[in-house]
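**Student:** just coords:
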């Protein structure tokens, strides 16, 4: 039921200002309308079209919404516009100090009054207000109305460019990349029609960014083409601000397309240098943010932390929550690579919390994509499963989960005894990586090898190994270490102990050179098992003790129980039954603790698999 509310004192006071509130919206009409309105309300009430209700203000309800609509439509267009203009002017004057609150209403009334300049101003204001609180649908609607108003005005230029960029960004945050691309294409079309090179450049850069980021629209050739075209225009215009953004785009592209970190870092540092020189705070934050993971995997982990924290401070200062979440997501990756498991989990959980709060599914998926490995290492398979399954549900928004997270999940299910499901997931992960993200193929293939070996199927594991060409010595530290470990594990299963030890030496040299720790304990365990197989028991014992220290320092419980089991086997072979018993008991205690954090339906199968690896000493 719609309402009409009379404000401004007694109805017989001809000197008071008159205002109406319809459906919660106040319309100030001024004293000239007062007596005429009083008479008309009496007539409407007598005709039973409206009824007065008890309220501190004089309030009338329309008896039917159709009555109100018919009354409104019966007004001449000119009269309607005049009324809307009166209401808008009164609101503007009365609430000059509360425009955030009334911008949407002002945009509506000025729009109905036909004042496009005012509509542009207030629709933009309302869009900005909605965007600040991540009311994305409302922000898109307001920016769309502002764009319509701007197009109708002769002086549009930078204003219209900024509006398209704002609307596109909201589409992106709302996981509507297709609509964002359409928005930027429309922007580019208009720019070409008006020969507005600056606006054309902005559209090209925005499209390049979408194609440079892993999503359903990740497109290396397209991103490269758009970036190259944009760079030509930027240098033609002498626009260093745009050049800084394009260099940042190229950094994203290089680090995601083929993981050429050093070249990516060069682009990022050039972007950062321009941004710092010009005082471009937001571009500084973007460059720092995306340099952080590159430094982490290019042997500069301390620098990675430093620039990550600098970017985080800037995102907080700008209250940019989507990018703050992204920063925590990167921090989770960096901590995980350094073997800092609890900080990795904490950073991921903070990124997820922020992303859920603002409805940013891309950010949530990104934060969950990698952290499963951290939960596993800490001996919390239940939390790992929950995180990874949630990430997969958002695979349409952040497709890398369909390769990377699916591969990690396959390994975990295999270790928990769900072999068939594990094999299905691993095969799907590799097929998706081959189709969409070549850089993830070693990761996914390594998972498939591990899954087959867990099932005792050496032939299938060997077949998977031959599926891709993979140079162990040139393995990418970010996505190749899993494949290296799988090759070592396969060599152990085939009792090719010298080969296994050699592969482990490569892994250890690479990880230590880059100051990464995530895979050190496992590589040391495999090497200890290889030396044991070669009969070098003392050397095996020393390496396994080193592995134990590494796992204890990083709190990698999942790896630690396996190291203790291996130590027990070696001590038995060395004739040290008491020490073997001690290691075996400790391993069983940890297995029991992990089982307590395993879903009930997988607990028995996990216990059977794990305990079978621990010597039954007396």
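**Tutor:** Received the coordinates, thanks. What you see is a predicted model, and the numbers here were worked out from it, not measured in a lab.

**Student:** how about low-confidence regions in this protein?
**Tutor:** Applying pLDDT under 70 to the chain flags residues 1-45, 47-50, 52-60, 62-80, 256-259, 470-477, 617-618.

**Student:** check contacts around the residue sitting nearest the centre point of it.
**Tutor:** With distances taken as Cα atoms, centre = their mean, residue 363 lies nearest the centre of the chain, 1.9 Å away. When contacts are counted by Cβ atoms under 8 Å, 6 or more residues apart in numbering, residue 363 touches 322, 325-326, 329, 351, 354-355. For the C-beta atoms, the positions are set from N, CA and C on the backbone; glycine is no exception.

**Student:** now do residue 604
**Tutor:** By Cβ under 8 Å, 6+ apart, the neighbours of residue 604 are residue 417.

**Student:** residue 495 too?
**Tutor:** Contacts of residue 495 by Cβ under 8 Å, 6+ apart are residue 533.

**Student:** doesn't it belong to a strand?
**Tutor:** No - read with DSSP: H, G, I helix; E, B strand; the rest coil, residue 495 is coil and lies in no strand.

**Student:** phi, psi of it?
**Tutor:** In terms of degrees, to the nearest 10, the main-chain angles of residue 495 are phi 60, psi 30.

**Student:** measure it to residue 252 for me?
**Tutor:** 45 Å (Cβ to Cβ, to the nearest Å).

**Student:** same check, this time on residue 270
**Tutor:** Residue 270 is 14 Å from residue 252, by Cβ to Cβ.

**Student:** how is residue 61 assigned, secondary-structure-wise?
**Tutor:** Under three-state DSSP, residue 61 comes out as strand.

**Student:** show me what it is bridged to.
**Tutor:** Beta-bridge partners for residue 61, by DSSP bridges, are residue 3, residue 51.

**Student:** can you count the residues close to it?
**Tutor:** 16 (other Cβ atoms under 10 Å).

**Student:** let's have the chain start at 4 instead
**Tutor:** Done: numbering now begins at 4, and the last item shifts to residue 64.

**Student:** how near is it to residue 54?
**Tutor:** 6 Å.

**Student:** again, but for residue 425
**Tutor:** Distance from residue 425 to residue 54, by Cβ to Cβ: 69 Å.

**Student:** looking at these two, which one has more neighbours?
**Tutor:** The residue with more neighbours, out of residue 425 and residue 54, is residue 425; 25 against 13, by other Cβ under 10 Å.

**Student:** ok so, going back, how far away is the residue nearest to the centre of the chain from residue 372?
**Tutor:** From residue 366 to residue 372 the distance is 11 Å (Cβ to Cβ).

**Student:** just to revisit the earlier point, which of residue 273 and residue 255 has more neighbours?
**Tutor:** residue 255 (22 against 17).

**Student:** contact partners for the nearest residue to that one once chain neighbours are set aside?
**Tutor:** Leaving aside its chain neighbours, residue 255 sits nearest to residue 215 (4.2 Å; criterion: Cβ to Cβ, 6 or more residues apart in numbering). For residue 215, the contact set (Cβ under 8 Å, 6+ apart) comprises 221, 226, 230, 252, 255-256, 259.

**Student:** helix or strand for residue 452, just tell me which one.
**Tutor:** Element membership for residue 452, per DSSP states H and E: helix 444-457.

**Student:** now the element after that helix, going C-ward?
**Tutor:** helix 461-468.

**Student:** any idea which helix is longest in the protein?
**Tutor:** Criterion DSSP state H: the longest helix present in the chain is helix 580-599.

**Student:** what packs against that one?
**Tutor:** With contacts defined as 3 or more Cβ pairs under 8 Å, 6 or more residues apart in numbering; DSSP states H and E, helix 580-599 has these neighbours: helix 560-576, helix 603-614.

**Student:** what's the most buried one of those?
**Tutor:** helix 560-576 (a mean of 24; mean count of other Cβ atoms under 10 Å).

**Student:** perfect, I'm done here.
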